[in-house]
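> sequence first, predicted model second:
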Amino acid sequence: MTFEFATAQRVLFGPGMRQQLPGLVAGEGTRVFVIIGGNQERYREVVDLLKTEPFELATFSVSNEPDVSTVGAALEQARAHRAEAVVGVGGGSVIDTGKAVAALLTNPGKLFDYLEVIGDGHPLRAAAAPYFAVPTTAGTGSESTRNAVIGAPDHKVKVSMRSALMLPKYAVVDPELTLSSPARVTATAGLDACTQLIESFVGIKANPVTDGLCREGLILAGRSLRTAHADPNNLDAREDMSLAALMSGIALANAGLGAVHGFAGPLGGMLGASHGALCARLLAPVTRTNLSALRARQPGAPTLARYEEAARLVTGEVSATADDLVRWAESTASDLSIESLSHLGMTEERIPDAVAKARASGSMKGNPIELTGSELAAVLRAAL
Ligand SMILES: [Fe+2]
């Protein structure tokens with residue numbers, strides 16, 4: 001067995017850990033570029049914390065999932081500010097924007113020089129500027145991944161800027177910051193984390209280190225996702241979900257993903273729907289299709305036992321079978337009011353285009369079994 005494992009240089013986890021931020025940032029410089037989400041009130045406390053040190057602060061707000069123009073504008077301001085350190089406080093969109101900005105502050109040129117697929121895909125050469133990823137949602141695990149997902153509206157796709165040099169230097173994960181996360185975000189981001197844990201665990205690049213993280217993460221998410229949604233001020237449940245999300249990010253950055261994420265990228269570009277909402281809706285139909293494809297074409301595959309183990313971990317039932325994982329994903333999505341793909345703008349006519357794009361995506365290659373075009377189309381039809 002051979003594998004590589006890399007993650008954020010320092011991970012600081014726990015309620016109140018945001019208080020460490022001013023001191024840590026001070027160790028990296030005084031000219032600080034802060035990226036926050038659209039609802040400025042939600043991020044005021046952390047921004048005010050940074051004002052307790054004599055920093056030169058510049059602030060940039062990201063309202064939606066970032067596209068090339070958002071990242072370009074943020075970069076321009078960060079360069080004009082001559083930023084020495086970058087702090088991203090928000091959901092995956094904010095954290096990803098910060099990751100791209102921190103990388104481009106120290107590498108010459110423009111975003112398109114480094115973008116996959118639609119850009120030149122040049123590798124980054126220099127270490128990114130010191131980056132502090134401070135998540136306020138529990139889901140994407142972006143604080144511990146090595147890529148930034150960026151929309152390109154002209155191309156109707158989402159593409160990544162990706163490099164081991166983009167792993168944040170600091171992941172500061174304070175579950176108290178997720179207490180104000182809206183119910184819909186708690187649901188969709190939480191199911192995104194579950195999807196990431198499952199896809200990393202059953203995927204072809206799983207390794208023993210990521211396996212350990214996935215097992216623990218599935219137990220935490222299984223016992224706390226519904227509670228965090230129904231009782232948003234329950235800090236124990238929020239803490240479990242923050243930890244599950246962090247673990248899912250570490251796992252996916254090293255073990256890759258599968259067909260849910262293979263679809264989420266192209267569909268996000270086509271529909272403009274949020275990443276979490278797409279993953280939340282697709283988890284059950286993809287899991288069902290993967291199981292039936294494995295049973296039909298690779299009946300002895302060890303992955304089937306993996307699915308059964310994931311089912312036991314997430315449901316907490318020692319006798320759970322792999323099919324119980326599908327039932328769990330279905331009932332959780334239904335109880336958490338996850339919308340169908342048609343609500344997100346998907347139509348029957350767009351299925352062939354979505355399938356073609358998904359088949360070419362990097363995440364699809366990590367799926368435990370290669371799915372046929374008709375199987376992929378059936379997944380989308382079941383999620384409409
Ligand atoms: Fe995801």
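Okay, I see it.
> identify the residue spatially nearest to the residue sitting furthest away from the middle of the chain, adjacent ones excluded.
In the chain, the greatest distance from the average C-alpha position (C-alpha atoms, centre = their mean) is reached by Pro54, at 32.8 Å. When the adjacent residues along the chain are set aside, Pro54 lies closest to Thr30, with 6.9 Å between them (C-beta to C-beta, 6 or more residues apart in numbering). (Glycine included, C-beta is placed from N, CA and C.)
> quick check: phi and psi on the one you found?
Its backbone dihedrals place Thr30 at phi -120, psi -20, with angles given as degrees, to the nearest 10.
> which non-adjacent residue is nearest Thr287?
What sits nearest to Thr287 in space, not counting adjacent residues and going by C-beta to C-beta, 6+ apart, is Val326, at 5.1 Å.
> go on, Arg125?
Here the residue nearest Arg125, using C-beta to C-beta, 6+ apart, is Asn107, at 6.2 Å.
> contacts only, for Ala237.
Counting by C-beta atoms under 8 Å, 6 or more residues apart in numbering, Ala237 touches 224-225, 227-228, 231.
> pull out the buried residues from the residues you listed.
Among the contacts of Ala237, those classed as buried by neighbour count (16 or more other C-beta atoms under 10 Å) are 224-225, 228.
> quick one on the thing from earlier: what about the residue nearest to Pro54, how many residues nearby?
13 (other C-beta atoms under 10 Å).
> surely the residue farthest from the centre of the chain is within a helix?
No. Secondary structure of Pro54 (DSSP: H, G, I helix; E, B strand; the rest coil): coil, not part of a helix.
> hmm, it is touching Arg31, no?
No. With contact defined as C-beta atoms under 8 Å, Pro54 does not count as touching Arg31 (11.2 Å).
> could you pull out the helices for the stretch 151-300 of the chain?
Listed in chain order, the helices of the stretch 151-300 of the chain (DSSP state H, counting those that start in this stretch) span 183-202, 208-230, 235-255, 259-271, 275-297.
> so for the first one, what gets flagged as buried?
Neighbour-count burial for helix 183-202 flags 184-202 (criterion: 16+ other C-beta under 10 Å).
> which secondary structure elements does it sit against?
Contacts defined by 3 or more C-beta pairs under 8 Å, 6 or more residues apart in numbering; DSSP states H and E place helix 183-202 against helix 208-230, helix 235-255, helix 259-271, helix 275-297, helix 302-315, helix 322-335.
> Arg146: which of the ones you listed is closest?
Nearest to Arg146 among these is helix 235-255; the distance by C-beta to C-beta comes to 5.1 Å.
> pLDDT on the closest one, on average?
pLDDT averaged over helix 235-255 equals 98, rounded to a whole number.
> with stretch 343-359 instead?
Averaging the model's pLDDT scores along stretch 343-359 yields 97.
> one more: stretch 61-70?
Here stretch 61-70 scores 94 as its mean pLDDT.
> list the buried ones in that stretch?
Neighbour counts using 16+ other C-beta under 10 Å place 61-62, 65-68, 70 of stretch 61-70 among the buried residues.
> do stretch 172-182 as well
Of the residues in stretch 172-182, those buried by neighbour count under the rule 16+ other C-beta under 10 Å are 172-178, 180-181.
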